[in-house]
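Undergrad: Predicted model and sequence below, questions to follow.
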Amino acid sequence: MKKIGIVGGITWRAAAEYYLEICHRAEEKRLVGKLPGPPSTPEMAIESLDAAKAVSLLGKGDVERCWRGFDEYYQAALQRLEAGGAEAAVLTCNTAHHRFEEIVRGVRMPVISILDAAAQEGVRIGARQMLILGSALTMRSARVQGAFAKHGIELAGPRSESARAATIALIEKLERGRVKGAMTRLGRIARLSWPFAGEPVVCLAHPELAMAFPVSRMKPSFKYGGVTYVSTMAAHINALLEFVGIEQEQKTGPALASGPA
């Protein structure tokens with residue numbers, strides 16, 4: 001198996017979830033195959049970045065020079081992983097994918113895009129439009145929308161400032177471990193913000209939002225309360241595991257979370 005590089009730290013819980021799930025899948029593969037001995041897990045290296053520093057380096061608008069420090073901070077982490085023998089890498093931060101092309105420039109090892117992984121999951125379940133919920137930048141990023149458009153999916157963030165603010169406030173509560181009622185609040189935001197016809201399909205583009213669904217947080221797609229959700233984190237982990245050679249569970253459709261349909 002290929003050695004994996006993980007750039008995390010923003011939020012740190014995401015990097016922990018990636019590590020735990022990779023090890024869990026390796027153990028699961030051993031049990032399913034009834035293989036003797038300990039599981040064969042891929043070698044991993046983690047670059048945990050300083051969240052405060054990364055936020056301070058966020059640029060504004062499309063002025064390239066404003067983003068130079070941000071791009072270089074992430075790029076340097078990838079280069080350190082590559083120098084340490086990593087053969088494939090992931091950025092666990094959705095917001096960083098707003099600058100994905102600039103960050104991976106000059107990096108020779110494959111870096112798997114969280115946006116491509118989530119869009120491919122959307123295609124798999126037949127979604128043509130999706131509402132994206134995440135950080136302020138992610139929800140309004142034309143680059144993020146363009147990444148989904150390449151896969152034939154029209155992506156939109158909440159149009160109202162109140163819905164965007166409610167999403168960010170919910171993320172902050174989840175970061176403090178306040179999970180109670182989060183699923184209901186997410187559903188309310190989704191239904192009020194859904195700009196298309198039909199049943200809402202929501203892209204959870206922040207690891208904390210996926211963690212609002214403890215039963216289904218590692219499902220790439222699932223339904224709850226009449227809303228279909230696609231988790232960028234779970235889809236990303238699946239794409240990574242497939243790339244490095246750990247067999248992933250095959251799913252024929254969105255998995256159902258416990259709760260009202």
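TA: Nice, thanks for sending it over.
Undergrad: Just the helices from this protein, written as ranges.
TA: Secondary structure of the chain, counting by DSSP state H: helices at 12-32, 51-56, 64-83, 100-104, 114-124, 136-140, 142-149, 161-175, 182-193, 207-210, 232-244.
Undergrad: for the ones you listed, which one sits closest to Lys219?
TA: helix 232-244 (5.8 Å; C-beta to C-beta). C-beta here means a position set from N, CA and C on the backbone, and glycine is covered the same way.
Undergrad: Where among the helices of the chain is average confidence lowest?
TA: Between the helices of the chain, the one with the least mean pLDDT is helix 12-32; it has a mean of 86.
Undergrad: Just want the angle from it to helix 114-124.
TA: Angle of helix 12-32 versus helix 114-124, following axes from the mean of the first three to the mean of the last three C-alpha atoms, to 10 degrees, is 50 degrees.
Undergrad: got the contact list for helix 12-32?
TA: Helix 12-32 is contacted from outside by 4, 6, 8-9, 35, 37-42, 44, 46, 48, 51, 90, 92-93, 175, 207-208, 211, 217-218, 233, 237, 240-241, 246-248, using C-beta atoms under 8 Å, 6 or more residues apart in numbering.
Undergrad: Next, count neighbours for Trp12.
TA: For Trp12, the tally of surrounding residues (other C-beta atoms under 10 Å) stands at 15.
Undergrad: My error: substitute Arg25 in the last question.
TA: With other C-beta under 10 Å as criterion, Arg25 counts 21.
Undergrad: So for Leu155, which of the helices of the chain sits nearest?
TA: helix 142-149 (4.1 Å).
Undergrad: Not counting sequence-adjacent ones, nearest residue to Ala234?
TA: Pro220 (4.5 Å; C-beta to C-beta, 6 or more residues apart in numbering).
Undergrad: thinking again about what came up before, show the buried residues in the contacts of helix 12-32.
TA: Buried subset of those (neighbour count, 16 or more other C-beta atoms under 10 Å): 4, 6, 8-9, 39, 41-42, 44, 46, 90, 92-93, 207-208, 211, 217-218, 233, 237, 240-241, 246.
Undergrad: from the residues you listed, which ones fall inside strands?
TA: Using DSSP state E, the subset of those located in strands is 4, 6, 8, 44, 46, 90.
Undergrad: Run a quick check on the residue nearest to Ala234 versus Asn238, I expect a contact.
TA: Yes: counting by C-beta atoms under 8 Å, Pro220 touches Asn238, with 5.6 Å between them.
Undergrad: still on that earlier bit, among the helices of the chain, which is the most enclosed?
TA: helix 207-210 (a mean of 26; mean count of other C-beta atoms under 10 Å).
Undergrad: Need the overlap of contacts for Pro220 and Asn238.
TA: By C-beta under 8 Å, 6+ apart, Pro220 and Asn238 have these common neighbours: Glu121.
Undergrad: What are the neighbouring residues in contact with Met139?
TA: By C-beta under 8 Å, 6+ apart, the contact set of Met139 is 132-133, 157-158, 164, 167, 205.
Undergrad: let's go with 7 Å and repeat that
TA: For Met139, the contacting residues are 132-133, 157-158, 164, 167, by C-beta atoms under 7 Å, 6 or more residues apart in numbering.
Undergrad: so what's it closest to, chain neighbours aside?
TA: In space, Met139 is closest to Gly157, 3.5 Å off (C-beta to C-beta, 6+ apart).
Undergrad: do the same with Trp194
TA: In space, Trp194 is closest to Pro200, 4.1 Å off (C-beta to C-beta, 6+ apart).
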